[in-house]
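Q: Here is my input, please return the structure:
(one chain, ligands or ions: 1)
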Amino acid sequence: MSASAAVTRHEIFQTSLITALAQGVYEDEMTLAELLGHGSFGIGTFNELDGEMVILGGTCYRLRSDGSVSVPDLSERTPYAVVTNFVPTISRPVAGPVTRQEFSAFVDGLVPSSNYMYALRVTGRFAWASARTVERQERPYKPMVEATDGEAVVRREDFTGTIAGFRTPLYESGISVAGCHAHVIDDERGWGGHLVDFVLEEGTVELCLGTDFRLRLPLTEAFGAADLSEDMSEEIKQVEHH
Ligand SMILES: [Zn+2]
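A: I've put the predicted structure just below:
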């Protein structure tokens with residue numbers, strides 16, 4: 001990509017680190033009200049790891065392990081989230097059916113450079129999709145690889161919905177989930193979770209190029225005391241990409 005004048009700078013905001021989450025730092029002071037001030041689109045989780053987060057159009061949804069979907073109070077808090085104000089820089093129709101692997105290759109071909117961050121939004125009709133949902137944890141917190149062990153993968157057939165996620169360069173691993181990290185929610189706002197696999201029948205893929213990254217670190221005792229010197233990339237891969 002040339003340093004084209006057509007590209008405007010765009011910020012992605014993140015609170016805490018995926019490494020801290022992987023180490024079991026499941027609480028912070030960041031409220032949803034504050035988070036939404038940094039972006040109307042995004043993904044993350046909630047304090048105590050109580051559900052997967054999807055933010056679309058400024059509305060935050062909580063997808064719990066009991067299968068419920070709710071809109072939590074804005075005073076609820078998050079230990080990890082990534083948000084932006086989604087402005088599509090690239091938009092393409094997708095004529096399916098396409099598998100996750102095919103879709104991933106399609107997106108790879110769309111991005112002008114893999115050296116930037118991208119927010120990813122896919123709206124459309126799915127033949128099926130499968131998702132996992134973190135379960136609320138109790139203190140003392142176990143590392144995420146243990147906390148998510150044995151999590152059920154739930155599959156939903158034939159529905160319309162939205163994938164929200166981020167495509168992150170490898171150089172950000174440790175800070176964010178390198179590669180693609182996406183959550184899914186159906187149009188009825190009745191089902192969703194951390195996206196595992198899918199077949200998209202038809203839809204639209206939109207990408208929002210991120211040039212600026214703002215990282216907010218928690219000021220909690222747990223974050224300060226956590227051992228973040230370890231390379232957690234294998235654990236993060238296991239938790240986020242299995
Ligand atoms: Zn996730």
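
Q: List of residues touching the lengthiest helix in the chain?
A: Assignment by DSSP state H gives helix 100-110 as the longest helix of the chain. Contact with helix 100-110 is made by 90, 92, 94, 98, 114, 120, 122, 167, 180, 197-200, 205, 207, as judged by Cβ atoms under 8 Å, 6 or more residues apart in numbering. From N, CA and C alone the C-beta is placed, and that goes for glycine too.

Q: I only care about those residues that end up buried; give me the PyMOL line for that.
A: Of the contacts of helix 100-110, the buried ones can be selected in PyMOL as follows, counting by 16 or more other Cβ atoms under 10 Å:
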select buried, resi 94+98+120+122+167+180+198+199+200+205+207
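
Q: what's the farthest-apart pair in the contacts of helix 100-110?
A: The most widely separated members of the contacts of helix 100-110, counting by Cβ to Cβ, are 114 and 199 (24.8 Å).

Q: Going by residue numbers, what spans are helices in the chain?
A: 18-22, 32-36, 100-110, 144-147, 221-225, 233-241.

Q: Give me the buried positions along the second one.
A: Taking 16+ other Cβ under 10 Å as the basis for neighbour counts, the residues of helix 32-36 that come out buried are 32, 35-36.

Q: now swap in the third one and tell me
A: Buried residues in helix 100-110, counting neighbours by 16+ other Cβ under 10 Å, are found at 100, 103, 107.

Q: any idea how far residue 14 is from the first one?
A: Which is residue 100. As judged by Cβ to Cβ, to the nearest Å, residue 100 and residue 14 stand 24 Å apart.

Q: Mean pLDDT lowest where, among the helices of the chain?
A: Mean pLDDT values for the helices of the chain show the minimum at helix 233-241, a mean of 81.

Q: Looking at the buried residues of helix 100-110, which one is closest to residue 66?
A: residue 100 (25.7 Å).

Q: Could you tell me which residues make contact with residue 17?
A: Neighbour list for residue 17: 80, 174-176, 215, 217, 228 [criterion: Cβ under 8 Å, 6+ apart].

Q: these two touch, right, residue 185 and residue 63?
A: Yes - counting by Cβ atoms under 8 Å, residue 63 is a contact partner of residue 185 at 6.8 Å.

Q: so can I have CSV of the buried residues of helix 100-110 showing distance to residue 67?
A: As requested, these are arranged in CSV below (distance: Cβ to Cβ, whole Å):
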residue, distance to residue 67
100, 22
103, 25
107, 29
